[in-house]
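Asker: I'll drop the sequence and a predicted model, then ask my questions.
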Amino acid sequence: MARFTLPRDIYHGAGAIDELKNFKGSKAMVCVGGGSMKRFGFLDRIVANLEEAGMEVQLIEGIEPDPSVETVMKGADAMLAFQPDWIVAVGGGSPIDAAKAMWIKYEYPECTFEDMCKVFGIPELRKKAHFCAISSTSGTATEVTAFSIITDYAKGIKYPIADFEITPDVAIVDPELAQTMPQKLVAHTGMDAITHAVEAYVSTANSDFTDPLAIHAVEMIMDTLVKSYNGDEEARSAMHNAQCLAGMAFSNALLGIVHSMAHKTGAAFADYGAHIIHGAANAMYLPKVIAFNAKDETAKKRYGVLVDYMGICAKDASDDDKVAALIAHLRQMNDDLNIPQCIKNYGADSYPTETGFVPEEVFLERLPEIAANAILDACTGSNPRQPSQEEMEELLKCCYYDTEVSF
């Protein structure tokens, strides 16, 4: 038996955030990241809508990118003091992910971070509050998923929290918020979205319910991401819907080792100033993982189906040719979006939009531990091909040097 879970309500389209006026409750805690939602007036609009609904509103502001365990615990303390019956998280993946973890701790104060990380082991929520997520970026889709990513900076590891209990009750997918994204964020979140869709489609947990969502998300993203990056407002609105479809797919079909590797490399070199942004990591690793997974015949055929829908290769071509076309197309998208092809170039002079640099000797020194942690990541179990320690190390080397995957 399998399960398919989505938010009870998804409000979408321009002006969807005004649905907050119709919420029922007495207190709302609004969780938000940096200043963009305030600068563009959306935070004030959200607060006004909730107050019009008759609620007292309190804010948790300044949630950082890739939120920390400490941020989660501090926010949960604020919730315990305020006692909201609605938690409203607005922004990109970071504030929404942080708010999900705060929600767990708010409902179960005795719950530790280690308890939260037990896959599908969270007790029943909604004893104290319901959860509404409002996405402002077009990639993470955390507004519709059963996942949250929290970083333990002391260990240099991102930990996925996975449980259908943290699937939001309400998702608001309003394209007006996405129009404010800077170009670099469009690129990174967009490649995160395409990775979600591709990994969900070839995941061992795929189903008749998730496949159509993944396929249509791929079609839409391939047609709109580069256009959105180049300033097409209509394409950016379409991308906001497409990333949500990809999120619905992967929340139920799960993911694979692109995400395992991204989770375990993102903060692994922070002491060198090299924080590998999640979407950029996915973009660099996805072509390599496709080559690795395509050694599995079932995965190879499913990649071929995606290529048929994308229309980037003749339908009567071999599955091997279709996989090669998919890899080439994704690499071209990276070039079009100014994302490097490998870790070695991340932060290098040729890509000045990135920060930090991962020295080769440091990468090689830390490689065995990173590979071991990636294998243990929650996303690895649903990957179509299970890597050994040696294979994971070799795959990560390919992602560092941009060399061919031949194993």
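Answerer: Structure received.
Asker: Now do Y108 against A76, distance only.
Answerer: Going from Y108 to A76 by Cβ to Cβ, to the nearest Å gives 10 Å. Placement of C-beta: from N, CA and C, glycine included.
Asker: What segments of this protein are strands?
Answerer: Along the chain, counting by DSSP state E, strands occupy 9-12, 27-32, 56-60, 86-91, 130-135, 147-152, 157-162, 170-173.
Asker: Counting neighbours, go ahead and name the busier of Y108 and A76.
Answerer: A76 (23 against 18; other Cβ atoms under 10 Å).
Asker: correct me, but that one touches M102?
Answerer: Yes - if you go by Cβ atoms under 8 Å, A76 and M102 touch, sitting 4.6 Å apart.
Asker: Give the residue spans of this protein that score low on pLDDT.
Answerer: Scanning the chain for pLDDT under 70 picks out 348-356.
Asker: domain assignment for it?
Answerer: Taking automatic domain parsing as the criterion, the chain consists of the domains 9-178, 183-401.
Asker: from memory V30 sits against L59, does it?
Answerer: Yes - using Cβ under 8 Å, V30 is in contact with L59, at 5.1 Å.
Asker: List the residues that are in contact with both of those two.
Answerer: Residues touching both V30 and L59 (Cβ atoms under 8 Å, 6 or more residues apart in numbering): 43, 47.
Asker: which one of those two has more residues nearby?
Answerer: Legend: neighbour count by other Cβ under 10 Å for V30 and L59, higher for V30 (26 against 16).
Asker: list the contacts for that one?
Answerer: 43, 46-47, 50, 57-60, 88-90.
Asker: tell me which of those is nearest to I161?
Answerer: A89 (14.1 Å; Cβ to Cβ).
Asker: Let me know whether that closest one touches A101 as I believe.
Answerer: No - using Cβ under 8 Å, A89 and A101 do not qualify as a contacting pair, with a distance of 10.6 Å.
Asker: Neighbour count: the two, which is higher?
Answerer: Higher neighbour count among A89 and A101: A89, with 29 against 26, using other Cβ under 10 Å.
Asker: Bridging across strands, which residues link to the more buried one?
Answerer: C31, A133 (DSSP bridges).
Asker: In JSON lines, list the contacts of V30 along with distance to Y346.
Answerer: What follows is the contacts of V30, written out as JSON lines (distance: Cβ to Cβ, whole Å):
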{"residue": "L43", "distance to Y346": "32"}
{"residue": "I46", "distance to Y346": "35"}
{"residue": "V47", "distance to Y346": "38"}
{"residue": "L50", "distance to Y346": "40"}
{"residue": "V57", "distance to Y346": "40"}
{"residue": "Q58", "distance to Y346": "39"}
{"residue": "L59", "distance to Y346": "34"}
{"residue": "I60", "distance to Y346": "31"}
{"residue": "V88", "distance to Y346": "34"}
{"residue": "A89", "distance to Y346": "29"}
{"residue": "V90", "distance to Y346": "29"}
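Asker: Filter those down to the buried ones, ChimeraX style.
Answerer: Burial among the contacts of V30 is assessed by 16 or more other Cβ atoms under 10 Å; the matching ChimeraX selection reads:
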select :43,46,47,50,57,58,59,60,88,89,90
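Asker: just curious, which of the contacts of V30 is nearest to R8?
Answerer: Looking across the contacts of V30 and measuring by Cβ to Cβ, the closest to R8 is V88, at 15.2 Å.
Asker: so the closest one makes contact with I46?
Answerer: Yes - between V88 and I46 there is a contact at 6.8 Å, judged by Cβ under 8 Å.
Asker: any common contacting residues for these two?
Answerer: With Cβ under 8 Å, 6+ apart, V88 and I46 have common neighbours 20, 30, 134.
Asker: doesn't E143 make contact with the last one?
Answerer: Pointing back at I134 there. Yes - the criterion here is Cβ under 8 Å, and I134 meets it with E143 at 6.8 Å.
Asker: what residues do those two have in common as contacts?
Answerer: With Cβ under 8 Å, 6+ apart as the test, I134 and E143 both reach 171-172.
Asker: mind checking how far A281 is from I134?
Answerer: 25 Å.
Asker: wait, Y201 sits on A217?
Answerer: No - Y201 is beyond contact range of A217, at 9.0 Å (criterion: Cβ under 8 Å).
Asker: ok, residues contacting stretch 97-110?
Answerer: Residues from elsewhere that reach stretch 97-110 (Cβ under 8 Å, 6+ apart): 31, 60, 63, 67, 71-73, 75-76, 79-80, 87, 89, 111, 113, 116, 122-123, 125-129, 131, 133, 140, 142, 147-150, 161, 165-166, 168.
Asker: Give me the buried entries from these.
Answerer: For these, buried by 16+ other Cβ under 10 Å: 31, 60, 63, 67, 71-72, 75-76, 79, 87, 89, 111, 113, 116, 122, 125, 129, 131, 133, 140, 142, 147-150, 161, 165-166, 168.
Asker: residue boundaries of the helices in the stretch 301-407 of the chain?
Answerer: 319-336, 360-376, 389-401 (DSSP state H, counting those that start in this stretch).
Asker: for stretch 249-259, which positions count as buried?
Answerer: Neighbour-count burial for stretch 249-259, counted by 16+ other Cβ under 10 Å, picks out 249-259.
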